[in-house]
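*Asks:* Build me a structure from this.
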Amino acid sequence: MTSHKNVQIHPTAEVASEARIGEGTSIWHQVQIRERARVGKNCIIGKGVYIDFDVTIGDNCKLQNGVYVYHPAVVEDGVFLGPGVIITNDKVPRAVNPDLTLKTDDDWVVDAVWICCGASVGAGGILLPGVRIGQWAMIGAGSVVTRDIPDFGLAFGNPARLIDYVCNCGSRLQEIEPGLQVCTSCGSTHYLKGD
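*Replies:* As a prediction, this is how the structure comes out:
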């Protein structure tokens, strides 16, 4: 790997000159980071990751091998994306228009995915356009997320369903009284309101 302004970029990676990369970030083999993408500080971008134009990746994120993030996704600080995660952007994907002319960028209507601070998406997870993954939420491996997941939500399946709630540390929460939950691992308490 070669170093440039405190950023480690592997020689096989393609990083657009218009992309902004934060200090301390490592970009591994065969990564492609497109124009106007913003990657924060101290991130690890694994082998074969694709970050589309106009994508925002926060500080201290880990994108494991083979992750695809399509514009205009926003990934906040401290997010983990497991191997093979795909963040999509087109609810009605077609290669051509009804008259069979090839679609151009002007023919697409994209919808952003937003992943909030500290959230995790397990290996092979797929996030459909327009979903919001709440802070510290956890998505199980192989899940297809078709709707919003609340803060601290634990969801998995196809389609992903809210199953439980997790602590910042990742362990399940246990309800001790309505609205009050305690972590089964670290013992911290959480107050959950509404849905």
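*Asks:* what about the closest residue to G58 other than its chain neighbours, which helix or strand?
*Replies:* What sits nearest to G58 in space, not counting adjacent residues and going by C-beta to C-beta, 6 or more residues apart in numbering, is D77, at 3.7 Å. C-beta coordinates here come from the backbone N, C-alpha and C atoms, glycine included. D77 is part of no helix or strand, with elements assigned from DSSP states H and E.
*Asks:* how many neighbours does D77 have?
*Replies:* 16 (other C-beta atoms under 10 Å).
*Asks:* try the one 3 residues further on
*Replies:* Residue crowding around F80 was assessed by other C-beta under 10 Å; the count is 20.
*Asks:* My read is that it contacts N60, right?
*Replies:* No: look at F80 against N60 with C-beta atoms under 8 Å: they stay out of range, at 9.8 Å.
*Asks:* list residues touching both of those two?
*Replies:* Contact criterion C-beta atoms under 8 Å, 6 or more residues apart in numbering; residues shared by F80 and N60: none found.
*Asks:* show me the contacts for the residue nearest to G58.
*Replies:* 40, 58-61, 117-118.
*Asks:* Burial check on H10, number of neighbours?
*Replies:* The number of residues packed near H10 is 16, by other C-beta under 10 Å.
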